[in-house]
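structure for this input, please:
(one chain, ligands or ions: 2)
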Amino acid sequence: MKAEDFPKDLQSHLIPSPAGRLIYRCLGCGQRYGIETLLYTCPDCGQVLLLEDPVFERLKEIPGSTWQRIFDYRKMLNVPALQGIYRYHEFIGPVMPLDSVVYLGEGHTPIIESNARLQEKAGARIFFKNDGQNPSASFKDRGMASALSYIQYLLRQGYAEDILAVCASTGDTSASAALYASFLYPRVKSAVLLPHKKVTPQQLSQPLGSGAAVFEIPGVFDDCMKVVEALSENYHVALLNSKNAWRILGQESYSYEIAQYFEYDLADTVVVLPIGNAGNITAVINGFLKFYETGIIGTLPKIIGVQSEHANPVYRYYLEPDPGKRHFEPVHVQSSVAQAAMIGNPVSMPRVIHLVEKYNRLAGRQRVYVSEVSEQDIMDWYLTANRNGHVICTHGGECLAGLVAAERRGLIEPNERAVLDSTAHALKFSGFQEMYFANSFPPEYEVRPNPELINAPSLVRPADLKAVPEPGRPLSGEPLEAFVARISEEIAQILDLKKVST
Ligand SMILES: *Cc1c(COP(=O)(O)O)cnc(C)c1O
Ligand SMILES: [Zn+2]
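Ligands and ions are numbered 1, 2, ... in the order given. Okay, here's the model as predicted:
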């Protein structure tokens, strides 16, 4: 649909042009910095930063109901730059000219209500938001679209000549960074650092396929992160980890999409997501806050962050009910099937502490909780969901397990609906499914398969068959007939099929 066909009062809002301002604000000392240079931490005190619009108040001059209509009508526009996360341009990156936007098909992932059988098992009304349906098959593309649009903006403004983008990764950040960087090749090149043998083969293949320089490093993610931080402090590189506040901005789109999907009514809604480096929960909280402050949503939804027992520093932090006595202590992680969240020292922890406090304060009651789950529960719920029509990853399973754990603690009301984040596609983590089915998990995972969930292929090769086809050597005539008859007989027997009466 063309802009002139839209309601008159909205026409001037449909195609946004650069407006407002963005600055980095330090969460430690409060210092502010311009965005002409890429900053990750405060040059004064070393704390993490958030990007803020110092003239955000102007967005409140437009009524929340008008914003709702703007976003709803933008859905019908055929403008590529507004088809992804920048549908919410004024909230995601108001300074961004649309011709700097990198759009590779990210965002607007489906929200799928589970079937009655799974809802009954889980004891709640549940929906999965399939962020594995993003271009590199994880939610990281939301933040990467924002970070690489900003890089393209810097290049076009002449603030930089060319850029080497680097990141440490539990697998998905590097897949996404390499994909988006390759779109801007050769002015942007990428290098990614992965913990050796701690990413899945699919995740390793992704940055390789995008042409990134790929480095495997001994240790776990937290070790890779230290190396990348040293690189970004001592050399001219652009850090693409979620320490980069542009990543957070883009990931806020997740909240906006949930709001829009539910017609901006988030009363009785619970949003459940896994926590690793805590960039995602930071973004989701900040996104809901911005929509709340501008009257686009009237209620702040309940948020439940989930961590595995094997990587639970955020859960441990919030165990202490008295905020004055809380003390953050990084943990040493153990092997986890929620491998992308296997992080003991989340870089966004100061952002989480800051935003959770604000969220609960504005809501006038506690609205953010953290659940802890076992590796066993993650695997069992992951496989169970996928046996009921879903394509969720282990982290989606972690969300479902976390919701069930929250129910047991009495945190979920019967009238509430839960939106669970399947942060990546099931296929990225199929190795864990294989280990479960083959009962071959190394002992440190502490996972035992439930026989009811195991599945395996059956090889049908009757011993009495004289000839079977092989690639390049097909059968024909009588041997082919014998082959088809004998194999189908065998399958019918295994499946206990009834013969059609002739
Ligand atoms: C990165 C990632 C997470 C963890 O998100 P954080 O922002 O690091 O908390 C969870 N699941 C998947 C699939 C991821 O790629
Ligand atoms: Zn500072």
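
and for residue 155, the neighbour number?
Using other C-beta atoms under 10 Å, residue 155 is surrounded by 17 other residues. Yep, even glycine has a C-beta here, placed from its N, CA and C like the rest.

which bits of the chain sit near ligand 2?
Within reach of ligand 2 by C-beta under 5 Å from the ion, the chain has these residues: 26, 28, 29, 31, 42, 44, 45, 47.

can I get those residues in a markdown table including distance to residue 388?
Output for the residues of the chain next to ligand 2, formatted as a markdown table (distance: C-beta to C-beta, whole Å):
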| residue | distance to residue 388 |
| --- | --- |
| 26 | 46 |
| 28 | 46 |
| 29 | 50 |
| 31 | 50 |
| 42 | 47 |
| 44 | 52 |
| 45 | 49 |
| 47 | 44 |
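
and of those residues, the nearest to ligand 1?
residue 47 (18.2 Å; C-beta to the nearest ligand atom).

which residues touch the closest one?
Residue 47 is in contact with 26, 27, 28, 29, 41, 350, counting by C-beta atoms under 8 Å, 6 or more residues apart in numbering.

what's the answer for residue 383, then?
Taking C-beta under 8 Å, 6+ apart, one finds 397, 433, 436, 453 in contact with residue 383.

now list the buried members of the residues of the chain next to ligand 2.
With burial judged by 16 or more other C-beta atoms under 10 Å, the buried subset of the residues of the chain next to ligand 2 is 26, 42.

can you tell me which of the residues of the chain next to ligand 2 are in strands?
Among the residues of the chain next to ligand 2, the ones falling in strands (DSSP state E) are residue 26.

tabulate the residues of the chain next to ligand 2 in CSV, adding columns for distance to ligand 1 and pLDDT.
Below are these laid out as CSV (distance: C-beta to the nearest ligand atom, whole Å; pLDDT from 0 to 100):
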residue, distance to ligand 1, pLDDT
26, 20, 96
28, 21, 94
29, 25, 97
31, 25, 97
42, 21, 95
44, 26, 96
45, 23, 96
47, 18, 95
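
for residue 336, helix, strand, or coil?
coil (DSSP: H, G, I helix; E, B strand; the rest coil).

wait, it touches residue 311, no?
Yes. Contact criterion C-beta atoms under 8 Å: residue 336 and residue 311 qualify, at 5.5 Å.

give the residues shared as contacts by these two.
With C-beta under 8 Å, 6+ apart, residue 336 and residue 311 have common neighbours residue 342.

next one: phi and psi at residue 112?
phi -120, psi 120 (degrees, to the nearest 10).

what's the answer for residue 355, then?
Torsion angles, degrees, to the nearest 10, at residue 355: phi -80, psi -30.

setting aside sequence neighbours, what's the nearest residue to it?
Distance criterion C-beta to C-beta, 6 or more residues apart in numbering; nearest residue to residue 355, sequence neighbours excluded, is residue 285 at 4.5 Å.

okay, and that neighbour sits in which element?
helix 279-293 (DSSP states H and E).

report the distance from the helix or strand following that helix to the chain centre.
Next helix or strand after helix 279-293 toward the C-terminus (DSSP H and E): strand 302-308. The chain centroid and the centroid of strand 302-308 are separated by 13 Å under C-alpha atoms, centre = their mean, to the nearest Å.

hmm, strand 302-308 in reach of ligand 1?
No. Strand 302-308 stays clear of ligand 1 (C-beta under 6 Å from any ligand atom), getting no nearer than 8.3 Å.

closest approach to ligand 2 from the stretch 301-450 of the chain, which residue is it?
residue 350 (10.5 Å; C-beta to the ion).

rewinding a little: relative to residue 121, which of the contacts of residue 47 is nearest.
residue 350 (37.8 Å; C-beta to C-beta).

downstream neighbour of the helix or strand where the closest one lies in the secondary structure list?
Following DSSP H and E, one finds residue 350 within helix 349-363. For helix 349-363, the succeeding helix or strand toward the C-terminus, using DSSP H and E, is strand 368-373.

partner strands of that following strand, parallel or antiparallel?
strand 302-308 (parallel) (DSSP bridges).

now the angle from the partner strand to helix 279-293?
For strand 302-308 against helix 279-293, the angle by axes from the mean of the first three to the mean of the last three C-alpha atoms, to 10 degrees is 180 degrees.

the closest residue to residue 176 other than its chain neighbours and residue 201, how far apart?
Spatial nearest neighbour of residue 176, excluding adjacent residues (C-beta to C-beta, 6+ apart): residue 140 at 3.9 Å. Distance, residue 140 to residue 201, by C-beta to C-beta, to the nearest Å: 18 Å.

what's the answer for residue 359, then?
Counting by C-beta to C-beta - residue 359 and residue 201 are separated by 38 Å.

which one's more surrounded, those two?
Higher neighbour count among residue 359 and residue 201: residue 359, with 19 against 9, using other C-beta under 10 Å.
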